[in-house]
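S.K.: just a sequence and a predicted model for now, questions to come.
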Amino acid sequence: MTTSIPRPDALAPTSPEAGTALIAQLAKELYAEFRRGSPGTADGKEVPAGTGTSEGLAGAYPTGANPVTPPVHPGVPPATSSASGNGAAGSGADRVPAFYFLHEPGAVGLSRVPAIAHVPSPSPTPVFDVERVRSAFPALHQAVNGRPLIWLDNAATTHKPQAVIDATSQFYRRDNSNIHRAAHALAARATDLYEAGREKVQKFLGAADAREIVFVRGTTEAINLVAQTFGRKFIGAGDEILLSTMEHHANIVPWQLLAEQTGAVIRVAPINDRGELILEQFAALLGSRTRLVSITHVANALGTVNPVEQIIALAHAHGIPVLVDGAQSVPHLPVNVQALDADFFVFSGHKIFGPTGIGVLYGQSKWLEQLPPYQGGGNMIRDVTFARTTYQSHPQKFEAGTPDIAGVVGLGAALDYVQGLGLPAIAAYEHELLAHATDALASVPGLRPIGTAVNKASVLSFVIPGIPAEDVGRHLDKHGIAVRSGHHCAQPAVRRFGLESTVRPSLAFYNTREEVHELVRVLQLLPKP
Ligand code: PMP
């Protein structure tokens, strides 16, 4: 490497603009260097590392004509509504999952997959300038173990564009105050920023009303909130909660805690060998005792994109509400909660290029107004006496205590950034990259992909039999390549494939083909299994 990485204190910019310019310059130099090929990489040889109760549910939905025999795929009623959101609204034709058909159903071996799945775009795709995009992400431009960082751990968390860093730091530099209570200028400013963040999330998700947006710590807290409010109110002994095998632990354990408290029963819809939900079996598990379906939109360990529109339509045909875990979908796919008709939709800020510690629970007003508070404290009350306390209506009812105000500001900046690029353009770019990476990985001797769904996003889990996943992860790290190895907080999903851990590269829109090629090259340096 001829580009030296300045020490952080040498980077201290005199103004945000100067900081951005400096970062952009560094980004350019490092990336140009990387693309020319670092010393020791061009010949493909190894380079030494180290340099560097059931009330209230009935009647919630119009039930299907025959509640005993649920409609099953493919005769699933289509979702009907159309509303503006982050690009998903409208007719089926402009919904993005078309990008995600990587392989024809039934194609088993990766060798039968064409080099890149050429799927016609539903509309002309704007040019996606990945070099320009990368220059907005300071953390991408650093060396790790003497090599340019290649961040392929996006399913765990994403890096932040300068706009998010600036918005958060500006809040603390200028606007910092608690919200709602004090009547002074900074309190008003902070409150405006916080509520503007709520409106940004509303628009991003295509929700009908900003009051349907509740700020929480993240996906995990959002699901716990629903389990402890909706669950305690509507789910009793013997009632069922329907999950799937591919869920993150955050969408399993809160329901187990609820089941311990109430005597509810957890049912699990199975997946096939490609890691896809078996829709017929899912439909067959929807019964008269099912009180809630809670399912992921995109599976974090497998990359499977679930047909949530169909899942929701099937559940609603039985009068059953649905929670969608969108932690892994919102960074990659346009989502519109009204078009989906999701009852609850949850996601985390840090996985969509925003800060850690902030996340979102979307809930339809018809549910939020019925639910009891989650936690008690300041902000969520209307009046308190020792005899009796009354509560605010939603969303404040669920936001006890001082919230992460700067987190909301940063999340709003992240959503602005993502929407500036455009989710359809992001989805198209990532689809191409994922298809390319899937093919490229097939050239690694012995590599077995885990999760080969027809409809996938971002995630490229695999194992190389004979080499522990953790060893593969360490080997990649020595070359500056960050992936996650382990069970990915989805042990039932990984065990479905007879495994305890996998290696999981996961893509975001700032990743490139060159990075994928470097991943494959470094994997090829591993001893033959
Ligand atoms: N659900 C899914 C599908 C996830 O990928 C994750 C994070 N890996 C979570 C839930 C939990 O998210 P958080 O840790 O941000 O609460």
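M.R.: Cool, the structure landed.

S.K.: I'd say Thr296 and Thr245 touch.
M.R.: No. The pair Thr296 / Thr245 is not scored as a contact, 10.5 Å apart, by C-beta atoms under 8 Å. Placement of C-beta: from N, CA and C, glycine included.

S.K.: mind checking which of these two has more residues around it?
M.R.: Using other C-beta atoms under 10 Å as the criterion, Thr296 and Thr245 rank with Thr296 on top: 30 against 20.

S.K.: check what pLDDT the more buried one gets.
M.R.: In the prediction, the pLDDT value recorded for Thr296 is 98.

S.K.: up against the ligand, what does the protein have?
M.R.: Among all residues of the chain, those adjacent to the ligand (criterion: C-beta under 6 Å from any ligand atom) are 218-220, 248, 250-251, 296, 300, 325, 327-328, 348, 489.

S.K.: please flag which of those sit within strands.
M.R.: Among the residues of the chain next to the ligand, the members falling in strands are 296, 325, 348 (criterion: DSSP state E).

S.K.: could I get these as TSV with distance to Pro355?
M.R.: TSV is the format used below for these (distance: C-beta to C-beta, whole Å):
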residue	distance to Pro355
Thr296	22
Asp325	20
Ser348	10
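
S.K.: ok, those vs the ligand, which is closest?
M.R.: The shortest distance between the ligand and any of those, using C-beta to the nearest ligand atom, involves Ser348 and amounts to 3.3 Å.

S.K.: ok, the closest one - contacts?
M.R.: Residues near Ser348 by C-beta atoms under 8 Å, 6 or more residues apart in numbering: 218-220, 327, 358-360.

S.K.: mind redoing it with 6 Å?
M.R.: Neighbour list for Ser348: 218-219, 327, 359 [criterion: C-beta atoms under 6 Å, 6 or more residues apart in numbering].

S.K.: quick one, helices of the stretch 351-500 of the chain?
M.R.: Assigned by DSSP state H, counting those that start in this stretch, the helices in the stretch 351-500 of the chain fall at 365-368, 405-421, 423-441, 469-478, 491-495.

S.K.: the nearest residue to Tyr374 once chain neighbours are set aside is in what secondary structure piece?
M.R.: On the basis of C-beta to C-beta, 6 or more residues apart in numbering, the spatially nearest residue to Tyr374 that is not a chain neighbour turns out to be Leu225, at 4.6 Å. In this assignment (DSSP states H and E), Leu225 forms part of helix 219-226.

S.K.: alpha carbons only: can I get that helix in PDB?
M.R.: The C-alpha atoms that make up helix 219-226 are tabulated as PDB, following Å, rounded to 0.1, in the frame of the first residue of the first chain:
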ATOM      1  CA  THR A 219     -35.900  -4.900  16.500                       C
ATOM      2  CA  THR A 220     -35.400  -7.000  19.700                       C
ATOM      3  CA  GLU A 221     -37.100  -4.500  21.900                       C
ATOM      4  CA  ALA A 222     -39.900  -4.000  19.400                       C
ATOM      5  CA  ILE A 223     -40.700  -7.700  19.400                       C
ATOM      6  CA  ASN A 224     -40.500  -7.900  23.200                       C
ATOM      7  CA  LEU A 225     -42.900  -4.900  23.300                       C
ATOM      8  CA  VAL A 226     -45.500  -6.600  21.200                       C
END
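
S.K.: chain center to that helix: distance?
M.R.: 14 Å (C-alpha atoms, centre = their mean, to the nearest Å).

S.K.: check stretch 381-399 too.
M.R.: 32 Å.

S.K.: got the buried residues for it?
M.R.: Of the residues in stretch 381-399, those buried by neighbour count under the rule 16 or more other C-beta atoms under 10 Å are 381, 391-392, 394-399.

S.K.: what's the end-to-end length of it?
M.R.: Its first and final residues considered, stretch 381-399 spans 10 Å by C-alpha to C-alpha, to the nearest Å.

S.K.: what's the mean pLDDT across it?
M.R.: 98.

S.K.: before we move on, what about stretch 272-281?
M.R.: The average pLDDT within stretch 272-281 is 98.

S.K.: need the residues that contact it.
M.R.: Contacting residues not belonging to stretch 272-281 are listed as 72-73, 244, 269-271, 302, 304, 306, 451-453 [C-beta under 6 Å, 6+ apart].

S.K.: in a markdown table: these, plus secondary structure, neighbour count and distance to Arg189.
M.R.: Rendered in a markdown table, the data for the contacts of stretch 272-281 read as follows (DSSP: H, G, I helix; E, B strand; the rest coil; neighbours: other C-beta atoms under 10 Å; distance: C-beta to C-beta, whole Å):
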| residue | secondary structure | neighbour count | distance to Arg189 |
| --- | --- | --- | --- |
| Val72 | coil | 15 | 53 |
| His73 | coil | 15 | 51 |
| Ser244 | strand | 27 | 44 |
| Ala269 | strand | 23 | 47 |
| Pro270 | coil | 13 | 52 |
| Ile271 | strand | 25 | 48 |
| Leu302 | coil | 31 | 44 |
| Thr304 | strand | 30 | 43 |
| Asn306 | coil | 24 | 41 |
| Gly451 | coil | 24 | 46 |
| Thr452 | coil | 24 | 50 |
| Ala453 | coil | 26 | 46 |
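
S.K.: tabulate these (a markdown table), appending distance to Leu434.
M.R.: Conversion of the contacts of stretch 272-281 to a markdown table gives the following (distance: C-beta to C-beta, whole Å):
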| residue | distance to Leu434 |
| --- | --- |
| Val72 | 29 |
| His73 | 24 |
| Ser244 | 22 |
| Ala269 | 25 |
| Pro270 | 25 |
| Ile271 | 19 |
| Leu302 | 13 |
| Thr304 | 12 |
| Asn306 | 16 |
| Gly451 | 11 |
| Thr452 | 12 |
| Ala453 | 11 |
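
S.K.: averaged pLDDT, the host helix or strand of Lys233. What do you get?
M.R.: Using DSSP H and E, Lys233 sits in helix 232-234. Here helix 232-234 scores 98 as its mean pLDDT.

S.K.: how far away from the center of its chain is it?
M.R.: Its chain's average C-alpha position is 27 Å from that of helix 232-234, according to C-alpha atoms, centre = their mean.

S.K.: residues of that helix that come out buried?
M.R.: If you call a residue buried by 16+ other C-beta under 10 Å, then helix 232-234 has these buried ones: 232-234.

S.K.: where does the stretch 251-400 of the chain dip in pLDDT?
M.R.: Per-residue confidence for the stretch 251-400 of the chain (pLDDT under 70) gives no ranges below the cut-off.

S.K.: what's the answer for the chain, then?
M.R.: With pLDDT under 70 as the threshold, the chain has low-confidence stretches at 1-126, 181, 529.

S.K.: pick out the residue closest to the middle of it.
M.R.: What sits nearest the mean C-alpha location of the chain, by C-alpha atoms, centre = their mean, is Gln328, with 2.1 Å.

S.K.: who's in contact with that one?
M.R.: Contacts were defined as C-beta under 6 Å, 6+ apart; by that measure Gln328 touches 298, 300.

S.K.: ok, now how distant is it from Ser506?
M.R.: Taking C-beta to C-beta, to the nearest Å as the criterion, Gln328 is separated from Ser506 by 8 Å.
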